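S.K.: sharing a model that was predicted from the sequence below.
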Amino acid sequence: MDSYIQVFFTTDKREEADTLSRLLVEKRLAACVQVVGPITSTYRWKGKMEQAEEWLCIAKSREGLFKELERVVIENHSYDVPEILATPVTAGSKPYLKWLDEQTTNC
């Protein structure tokens, strides 16, 4: 199987976070998506300092699914440039990783 990853993305609407989470799990691009928030993000956008309330989504997936997962998030996201970052999972419990494999097969 592929290497495991966690994919992080944010949105400014709880409903959008829930919709994206369901979509990724339905399409088997993620075994699970956790929604955390609200959080406060501070960033520079178009030359101005901004601060916004956002919802952080953490998708549990596999490296080979990243490009399709990214495409689905971009196509269904309200931001012009959504944050989509993947980090490798270097270790995990065997039963959980087996479950992750089972939930992201037959994509």
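M.R.: Everything's here; your move. Numbers count the residues shown, from 1 in each chain.
S.K.: going forward, measure contacts and count neighbours with C-alpha atoms only.
M.R.: Noted.
S.K.: can you verify K67 is assigned to a strand?
M.R.: No. According to DSSP: H, G, I helix; E, B strand; the rest coil, K67 belongs to no strand; its state is helix.
S.K.: which pLDDT value goes with C107?
M.R.: As predicted, C107 sits at a pLDDT of 52.
S.K.: hmm, T40 is touching A52, no?
M.R.: Yes. In this structure T40 lies within contact range of A52 using CA atoms under 8 Å: 5.7 Å.
S.K.: residue boundaries of the helices in this structure?
M.R.: Assigned by DSSP state H, the helices in the chain fall at 14-26, 66-76, 94-103.
S.K.: so what touches the longest one?
M.R.: Read it as helix 14-26. 10-11, 30-35, 54-57, 59, 69, 72-73, 76-77 (CA atoms under 8 Å, 6 or more residues apart in numbering).
S.K.: surely D2 meets F66?
M.R.: No. Using CA under 8 Å, D2 is not in contact with F66, being 10.6 Å away.
S.K.: between the two, who's got more neighbours?
M.R.: Taking other CA atoms under 10 Å, D2 and F66 do not tie; F66 has more neighbours (19 against 10).
S.K.: need the contact list for the more buried one.
M.R.: Contact analysis of F66 by CA under 8 Å, 6+ apart lists 29, 86.
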